[in-house]
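Visitor: need a 3D model of the sequence below.
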Amino acid sequence: MNVTEVTDVAEEFSCRPASPERQDDIVSVYRQSFGKDPVFQWLFPDEETRPSLIEKYFTVMADHTFAHGGSVLQTKDYGAVSMYFPPDAVEQSDETHEQLLDTVRDKLGEDSDRPVHLLKTLSASHPRDIAPHYYGTFVAARPQHQGGGLGTRLKKALFALADADRAGAYAEASSPRNLALYERLGQRRLGPALTLPDGPPVFPIYRPPTAAGGRTRRDTAHGGS
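Guide: Sure thing, here's the model as predicted:
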């Protein structure tokens, strides 16, 4: 799917692709919104240093996403953002993964052990026996926009991208609250929860390709099938 097609689908949900040049805005959303997330409280237990460590972590993740075939959807005012990888960028080489871990170690120093453990766990647990799929890695909304449906809008936009490509949609939910939301939107738990040492559960979730092949308004307008 090319940039124009992604933009067309995203616009249906009043969002659009984020520019790598606006990475500071992307990282700012995560820094503001993930301070109370159970997984990030486990990653960075010190409440005082947590915001700066979250910022460093997501700077690394944004760099990695844009450098390795991923992208970011955003609501038009950067009130909410969602990182993702399309099907052809989900599977990454061992070398690429090790480079990511090395960068996390370099940027986070003595605070990198748990983030590295999390990334290893997510990689090892990522299913290899499901259909080609979009991988939504992180969805976040600024505190003033939480509860306003922006995260739901981004999830639905990602589902629409997946449907247009006749692909599935995989993610991990970092809390029971997020799991319940994603299940309402059509994703389902896939296997047991992932466990972190003395940490919260992480729930793999999956939405298979739609039986109808994901017909979008863009398809209809162009007579697609």
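Visitor: what's the longest helix in this structure?
Guide: In the chain, with assignment by DSSP state H, the single longest helix is helix 50-67.
Visitor: okay, that helix in PDB with CA atoms only?
Guide: Backbone C-alpha positions of helix 50-67 (Å, rounded to 0.1, in the frame of the first residue of the first chain) are rendered in PDB as follows:
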ATOM      1  CA  ARG A  50      10.100   7.800  34.600                       C
ATOM      2  CA  PRO A  51       9.000  10.700  32.200                       C
ATOM      3  CA  SER A  52      12.600  11.200  30.900                       C
ATOM      4  CA  LEU A  53      13.200   7.500  30.600                       C
ATOM      5  CA  ILE A  54       9.900   7.100  28.700                       C
ATOM      6  CA  GLU A  55      11.000   9.900  26.400                       C
ATOM      7  CA  LYS A  56      14.400   8.200  25.700                       C
ATOM      8  CA  TYR A  57      12.700   4.800  25.100                       C
ATOM      9  CA  PHE A  58      10.200   6.200  22.600                       C
ATOM     10  CA  THR A  59      12.900   8.200  20.800                       C
ATOM     11  CA  VAL A  60      14.600   4.900  20.200                       C
ATOM     12  CA  MET A  61      11.300   3.200  19.200                       C
ATOM     13  CA  ALA A  62      10.300   6.000  16.800                       C
ATOM     14  CA  ASP A  63      13.800   5.900  15.200                       C
ATOM     15  CA  HIS A  64      13.500   2.200  14.800                       C
ATOM     16  CA  THR A  65      10.000   2.300  13.400                       C
ATOM     17  CA  PHE A  66      10.700   4.800  10.700                       C
ATOM     18  CA  ALA A  67      14.100   3.200   9.800                       C
END
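Visitor: what are the contacting residues of the next helix or strand after that helix?
Guide: Sequence order places strand 71-75 as the next helix or strand after helix 50-67, per DSSP states H and E. Strand 71-75 has contacts (Cβ atoms under 8 Å, 6 or more residues apart in numbering) with 6, 10, 14-18, 22, 25-26, 62, 65-66, 80-86, 145, 150, 153-154, 157-158. The C-beta positions use only the backbone N, C-alpha and C, and glycine is treated the same way.
Visitor: what strand or helix carries the residue lying closest to residue 34 once chain neighbours are set aside?
Guide: Spatial nearest neighbour of residue 34, excluding adjacent residues (Cβ to Cβ, 6 or more residues apart in numbering): residue 40 at 4.5 Å. Element membership of residue 40, judged by DSSP H and E, is helix 38-43.
Visitor: can you check residue 103 too?
Guide: With elements taken from DSSP H and E, the one containing residue 103 is helix 94-108.
Visitor: quick one, what contacts residue 146?
Guide: Here residue 146 is in contact with residue 33 (Cβ under 8 Å, 6+ apart).
Visitor: now residue 196. Nearest residue, chain neighbours left out?
Guide: Leaving aside its chain neighbours, residue 196 sits nearest to residue 42 (6.1 Å; criterion: Cβ to Cβ, 6+ apart).
Visitor: so the one you found sits against residue 115, correct?
Guide: No - using Cβ atoms under 8 Å, residue 42 makes no contact with residue 115, being 10.1 Å away.
Visitor: extract the C-alpha set from stretch 7-27 and format it as PDB.
Guide: The C-alpha trace of stretch 7-27 is given here as PDB (Å, rounded to 0.1, in the frame of the first residue of the first chain):
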ATOM      1  CA  THR A   7      -3.500   8.600   3.600                       C
ATOM      2  CA  ASP A   8      -6.900   7.900   1.900                       C
ATOM      3  CA  VAL A   9      -7.700   5.200   4.400                       C
ATOM      4  CA  ALA A  10      -6.500   7.300   7.400                       C
ATOM      5  CA  GLU A  11      -8.500  10.300   6.300                       C
ATOM      6  CA  GLU A  12     -11.700   8.200   6.600                       C
ATOM      7  CA  PHE A  13     -11.000   8.200  10.300                       C
ATOM      8  CA  SER A  14      -9.900  11.900  10.600                       C
ATOM      9  CA  CYS A  15      -6.300  11.000  11.100                       C
ATOM     10  CA  ARG A  16      -3.200  10.900   8.800                       C
ATOM     11  CA  PRO A  17       0.400   9.500   8.600                       C
ATOM     12  CA  ALA A  18       2.800  11.300  10.900                       C
ATOM     13  CA  SER A  19       5.900  12.900   9.500                       C
ATOM     14  CA  PRO A  20       9.300  11.700  10.800                       C
ATOM     15  CA  GLU A  21      10.200  15.400  11.000                       C
ATOM     16  CA  ARG A  22       7.500  15.600  13.800                       C
ATOM     17  CA  GLN A  23       9.200  12.900  15.900                       C
ATOM     18  CA  ASP A  24       9.400  15.300  18.900                       C
ATOM     19  CA  ASP A  25       5.600  15.600  18.800                       C
ATOM     20  CA  ILE A  26       5.200  11.800  18.600                       C
ATOM     21  CA  VAL A  27       7.500  11.100  21.500                       C
END
